[in-house]
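Enquirer: Show me the folded form of this:
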Amino acid sequence: MAETTHALIVEDENPLRRILTLNLARRGYNVVEADTGEAALDALRVAAAAPLPFDLILLDINLPDLSGWDILRHLREDPNLATRPPPAVIVMTAVRPQSRRIAEFHPDAVLLKPFPINALLRLSERVLAKQPASREEGEDG
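Expert: Residues are numbered from 1 along each chain as shown. All right, here's what the predicted structure looks like:
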């Protein structure tokens, strides 16, 4: 990575969030963590006003306060969250999302839990490079 990649990890399970953060940080990512939807929206507001907005969002769908879909709706509709270019989004979920949700929000990729960390790292690099990635990655990644 020539430039530092800024990533937001939105995950309410602390052990998984820490593993993701540590692995991305080891690869040179600047990582911000959020354990709730409101914390994610706060981080996105701060980033939108900063000179270096997020390049990548790893977004859990099932959060204690808002859903990941709610966060994507805010990201799309709230001008205070808008950045150019918009961040790449990888949705992380244990339940296969409904096709209407994928069609509505157009995440760059969907990663089904549980997943090996290497699958996430490869997928992150592909979406950041705008290379074609399968819409869904399973356990074999």
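Enquirer: where's Ala7, which helix or strand?
Expert: strand 6-10 (DSSP states H and E).
Enquirer: Any chance you could spot the residue sitting in the middle of the protein?
Expert: Most central residue of the chain, judged by C-alpha distance to the mean C-alpha position with CA atoms, centre = their mean, is Leu58 at 1.9 Å.
Enquirer: what residues are up against it?
Expert: Leu58 makes contact with Ala7, Leu8, Ile9, Val10, Glu11, Leu20, Ile90, Met92, Leu120, Ser124, according to CB atoms under 8 Å, 6 or more residues apart in numbering. For glycine as for every other residue, the C-beta is placed from the backbone atoms N, C-alpha and C.
Enquirer: so where does it fall, helix or strand?
Expert: Here Leu58, judged by DSSP H and E, is contained in strand 56-60.
Enquirer: Can you give me the pLDDT of Asn80?
Expert: On pLDDT, Asn80 comes in at 85.
Enquirer: ok, now the one 3 residues further on?
Expert: Model confidence at Thr83, expressed as pLDDT, equals 82.
Enquirer: Find the nearest non-adjacent residue to it, please.
Expert: In space, Thr83 comes closest to Pro53 once its chain neighbours are excluded; the distance is 3.8 Å by CB to CB, 6 or more residues apart in numbering.
Enquirer: circling back to that earlier point, who wins for neighbours among the contacts of Leu58?
Expert: The most neighbours of any of the contacts of Leu58, using other CB atoms under 10 Å, belong to Val10, which has 28 neighbours.
Enquirer: from what I can see it touches Gly37, true?
Expert: Yes: contact status for Val10 versus Gly37: in contact at 7.3 Å, counting by CB atoms under 8 Å.
Enquirer: rewinding a little: quick one: neighbours of the residue nearest to Thr83, just the number.
Expert: For Pro53, the count of nearby residues is 19 (other CB under 10 Å).
Enquirer: part of a helix, is it?
Expert: No: inclusion of Pro53 in a helix is not indicated when DSSP: H, G, I helix; E, B strand; the rest coil is applied; the result is coil.
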